[in-house]
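Trainee: no sequence on this one, just coordinates:
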Ligand SMILES: CCCC/N=C1\SC[C@@H]2[C@H](O)[C@H](O)[C@@H](O)CN12
């Protein structure tokens, strides 16, 4: 490594630009192909950047995180724009970054990957069966053009060359790793970016570290950059970039400071030592580096992509999920000090945390399916065969599929999804009695008993859409028929469930106090909603919610959907609860949708620290 590394330093002429005055008198940001570096206002510029996803951080904490990144010595932040998240929030974030003195490397997609729901693409694109996403498919391109005609004009004033803080813009995202390899698509995007942002903007691509990826992901006129982590041979990685960009700045657009977590895996970690060492080596070469992630945040609501990504996007990043500076951040700051002045003053501290303690919940109703008038006020859609979420025009969360048993089943009878059509988990009850679950790829059959005419309720959970690879056309719900014994189940009543709408509207806490039958303290199985309140403590401090011995479900606090919990699989055991979400002087409401099994005590626990690394995989 040292020899190769030194050879490579020679090859790459750390940026030897001579200082020059701002010849034109106006702001500029460009690539100096003669001296292999960026130029900002005609001066050599090396960015030391960190990725932060505003869509994963409560808006009230944006400034806090950006300030901590600035105080680490970063001079830029890298920001995705998730198409499916958007209604213009990005302007406020750019403004805060600007106020904090941070430049911005913007990545508006349209596809962003990011372990985000469908890689940032809106699920309504799937209304067109067989649409070829991320290609020159005319319907897809029309939708992209319509979106960019809205987004890019909003971005243009924020360009550094126009007085803003965006210094460069990425086109697509690791396109070279996608099977389509459609140059016409990339050319169309390039045309859109040039049309709306002008000819002077630095446009770039980012690809993983293989020739095949670089071949399909790069395009003449877009500056090719690479991404790699601490276990990659730096010399080889930048040699690969040089094969596509013989001149110009070296750029690692995603230097992995940590990694993503899957349910059932161990919490991913990358050591501080490795991150510091490799960062120092790249900066010594004069390379421009963006650390992915610097602040990960949280997949609130249903925003996680599918490969079983957990709710936390802590990423073992220098700033924790709750925005707390870590020893990794301090080590990175020590490295950066060797290359540029660090802002004077203290690092902003971790936000205060509070352990609100145990809260005991109660069932909203003894029987989940008795809530349909509230959760599905429009009533069911009747259909001979099942309809998908997309056909029902519901894109996230949960859908109820109801039918009746076609015959007496005195013996356990297999209920099968022969085409692996359950996307993604289906909780099966007969006459309200939970009988088990079907799961995409792993549980395609389960046994059912009952009598002819009994009500079969199948609650289907959308676990988030695939965000990487060829399966991003990820339809949800019952995509094909279910077979019970020898019968194809038909004549469905399909209920679109708007749980978020009901809870955002104050239900169930605002509902008339119903006289619930006294709850026997027994374990309860199957989907049920639980509610509780906990007193304010005069403060609104961050806290972490642990659902001790619960199984899997979703949590709302004061109407906000915190995301999914699955302590039965881990490694994540707690959900991050941002302090400003809590009332300091009114009781706080908590609502829990437990999908499988609630503990007899119905207690949850608010702690003052996270637990992200306890795998108790019992699945
Ligand atoms: C081997 C698969 C590589 C896929 N690329 C990944 S996994 C983590 C990161 C984020 O998803 C990021 O949004 C991608 O650009 C690169 N990357």
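Mentor: That came through, no problem. Just so we're clear, the structure is a prediction, and the values are computed from it rather than from any experiment. Residues are numbered from 1 along each chain as shown.

Trainee: okay, the spatially closest residue to residue 55 that is not a sequence neighbour: pLDDT?
Mentor: Closest residue to residue 55 apart from its sequence neighbours, by C-beta to C-beta, 6 or more residues apart in numbering: residue 85 at 4.6 Å. To be clear about C-beta, it is placed using only N, CA and C from the backbone, and glycine gets the same treatment. In this model, residue 85 is scored at 93, pLDDT.

Trainee: Surely residue 85 is in contact with residue 303?
Mentor: Yes. In this structure, residue 85 is within contact of residue 303 by C-beta atoms under 8 Å, at 7.2 Å.

Trainee: joint contacts of these two?
Mentor: Shared contacts of residue 85 and residue 303 (C-beta atoms under 8 Å, 6 or more residues apart in numbering): 55, 116.

Trainee: Please say which of the two ends up with more neighbours.
Mentor: Neighbours per residue (other C-beta atoms under 10 Å) separate residue 85 from residue 303, with residue 303 holding more: 26 against 20.

Trainee: Nearest residue to that one in space, please, no chain neighbours.
Mentor: residue 117 (5.2 Å).

Trainee: how close does that neighbour get to residue 85?
Mentor: Shown here: residue 117 relative to residue 85, a distance of 8 Å by C-beta to C-beta, to the nearest Å.

Trainee: phi, psi of residue 291?
Mentor: Backbone torsions for residue 291, taken as degrees, to the nearest 10, come to phi -90, psi 120.

Trainee: and it, what does it touch?
Mentor: With contact taken as C-beta under 8 Å, 6+ apart, residue 291 is in contact with 49-51, 255, 257, 275, 279, 318, 332.

Trainee: Equivalent analysis for residue 298, please.
Mentor: Neighbour list for residue 298: 56-57, 311-313, 321, 562-563, 576 [criterion: C-beta under 8 Å, 6+ apart].

Trainee: ok, so of those residues, who is nearest the ligand?
Mentor: Of all the contacts of residue 298, the one with the least separation from the ligand (C-beta to the nearest ligand atom) is residue 313, at 10.3 Å.

Trainee: Surely that closest one and residue 293 touch.
Mentor: Yes. Residue 313 is in contact with residue 293 according to C-beta under 8 Å; the separation is 7.2 Å.

Trainee: Spatially nearest residue to residue 225 (excluding sequence neighbours)?
Mentor: In space, residue 225 is closest to residue 251, 3.8 Å off (C-beta to C-beta, 6+ apart).

Trainee: Distance of the one you found relative to residue 76?
Mentor: As judged by C-beta to C-beta, residue 251 and residue 76 stand 12 Å apart.

Trainee: which parts of the chain sit against the ligand?
Mentor: By C-beta under 6 Å from any ligand atom, the residues of the chain that approach the ligand are 113-115, 173-174, 208, 227, 254, 260, 468.

Trainee: Between those, which has the least confident prediction?
Mentor: residue 208 (95).

Trainee: Can you report how many residues lie near that one?
Mentor: Neighbour tally, residue 208, other C-beta under 10 Å: 16.

Trainee: Next up, the contacts around it.
Mentor: Applying C-beta under 8 Å, 6+ apart, the residues contacting residue 208 are 174, 176-177, 226-228.

Trainee: Please narrow those residues to those residing in strands.
Mentor: Using DSSP state E, the subset of the contacts of residue 208 located in strands is 226-228.

Trainee: circling back: between residue 117 and residue 85, what contacts are shared?
Mentor: residue 303.

Trainee: sorry, back to before: can I get the residues of the chain next to the ligand in a markdown table with distance to residue 201?
Mentor: What follows is the residues of the chain next to the ligand, written out as a markdown table (distance: C-beta to C-beta, whole Å):
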| residue | distance to residue 201 |
| --- | --- |
| 113 | 22 |
| 114 | 22 |
| 115 | 27 |
| 173 | 17 |
| 174 | 20 |
| 208 | 24 |
| 227 | 21 |
| 254 | 20 |
| 260 | 30 |
| 468 | 27 |
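
Trainee: from these, which ones fall inside strands?
Mentor: Per DSSP E, those map to strands at 227, 254.

Trainee: Walking through the stretch 151-300 of the chain, point out its helices one by one.
Mentor: Here the stretch 151-300 of the chain has its helices, by DSSP state H, counting those that start in this stretch, at 183-197, 211-217, 234-244, 272-284.

Trainee: Just send the ones you listed back as CSV, with mean pLDDT and mean neighbour count too.
Mentor: Formatted as CSV, these follow (pLDDT from 0 to 100; neighbours: other C-beta atoms under 10 Å):
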stretch, mean pLDDT, mean neighbour count
helix 183-197, 98, 18
helix 211-217, 94, 18
helix 234-244, 97, 19
helix 272-284, 98, 18
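
Trainee: which stretch among these comes nearest residue 505?
Mentor: helix 183-197 (38.4 Å; C-beta to C-beta).

Trainee: Need the contact partners of the closest one.
Mentor: 110, 134-136, 141, 144-145, 148-149, 152-153, 155-156, 159, 169, 171-172, 175, 201, 203, 219, 221-222.

Trainee: Report the buried members of the residues you listed.
Mentor: 110, 134-135, 141, 144, 148, 152, 155, 159, 169, 171-172, 175, 201, 203, 219, 222 (16 or more other C-beta atoms under 10 Å).

Trainee: Inside strands: which ones of these?
Mentor: 169, 203.

Trainee: Can you check the pLDDT for the residue nearest the centre of the chain?
Mentor: For the chain, the residue nearest the mean C-alpha position is residue 116 (3.3 Å; C-alpha atoms, centre = their mean). For residue 116, the pLDDT comes out at 98.

Trainee: The closest residue to it other than its chain neighbours: what's it in contact with?
Mentor: Excluding the flanking residues, the one nearest residue 116 by C-beta to C-beta, 6+ apart is residue 305, at 5.2 Å. Counting by C-beta under 8 Å, 6+ apart, residue 305 touches 113-119, 464-468.

Trainee: Now those in JSON lines, please, with extra columns for distance to residue 104.
Mentor: Converted to JSON lines, these look like this (distance: C-beta to C-beta, whole Å):
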{"residue": "113", "distance to residue 104": "19"}
{"residue": "114", "distance to residue 104": "16"}
{"residue": "115", "distance to residue 104": "21"}
{"residue": "116", "distance to residue 104": "19"}
{"residue": "117", "distance to residue 104": "23"}
{"residue": "118", "distance to residue 104": "24"}
{"residue": "119", "distance to residue 104": "21"}
{"residue": "464", "distance to residue 104": "27"}
{"residue": "465", "distance to residue 104": "27"}
{"residue": "466", "distance to residue 104": "28"}
{"residue": "467", "distance to residue 104": "23"}
{"residue": "468", "distance to residue 104": "24"}
